[in-house]
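Colleague: this one's structure only:
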């Protein structure tokens with residue numbers, strides 16, 4: 001009898017700084033196509049989608065949220081339903097003293113689902129959401145020791161969150177870009 005041993009990972013891996021730095025959202029209703037890593041592979045990078053694989057309607061708006069350091073997290077967990085693996089995706093943040101412009105935008109878009117592209121402080125870029133299956137927003141507000149807003153984008157998928165080959169090359173030609181929600185404290 002022979003056994004083939006396989007070792008994955010280990011303590012010698014590169015350290016990874018957590019948290020989400022920036023997040024771009026486009027309404028899933030404006031997405032025309034999203035290619036999978038199998039349809040448009042990025043050489044040497046499994047589970048990675050190419051920037052060119054995203055197509056949206058002409059005039060689509062992509063909104064970017066820029067977060068203060070260590071305030072936005074990404075989690076992904078798996079479950080089984082009817083013999084199928086499902087991935088639960090969540091991007092969560094808590095913002096102190098949100099401005100009225102952001103609150104207005106959130107309230108106007110609560111019914112929408114989104115394709116999300118985000119950049120981690122680890123330098124990796126991620127993408128979640130596909131035609132007919134975008135992330136939805138969950139909000140909460142509180143006035144305790146601070147005036148705060150909690151925001152979560154959540155969704156289910158039949159595949160893990162994909163990596164993306166670029167954060168800056170996310171807009172198709174002629175799309176409008178909205179930088180009005182820069183939440184950084186620089």
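Modeller: Cool, the structure landed. No experiment lies behind these values; they were computed from the predicted model shown. Numbering: from 1, shown residues only.
Colleague: how far away is residue 88 from residue 155?
Modeller: As judged by C-beta to C-beta, to the nearest Å, residue 88 and residue 155 stand 8 Å apart. Placement of C-beta: from N, CA and C, glycine included.
Colleague: name the residue in those two with the higher neighbour count.
Modeller: Between residue 88 and residue 155, counted using other C-beta atoms under 10 Å, residue 155 has the larger neighbour count: 22 against 13.
Colleague: that one contacts residue 130, doesn't it?
Modeller: No - Residue 155 is beyond contact range of residue 130, at 9.5 Å (criterion: C-beta atoms under 8 Å).
Colleague: show the average pLDDT along stretch 25-40.
Modeller: The predicted model gives stretch 25-40 an average pLDDT of 93.
Colleague: next: stretch 140-159.
Modeller: Mean predicted confidence for stretch 140-159 is 89.
Colleague: can you list contacts of the top strand by length along the chain?
Modeller: Using DSSP state E, we find that the single longest strand of the chain is strand 84-96. Residues outside strand 84-96 that contact it (C-beta atoms under 8 Å, 6 or more residues apart in numbering): 20, 23, 67, 71-80, 102, 116, 118, 128, 135, 146-161, 183.
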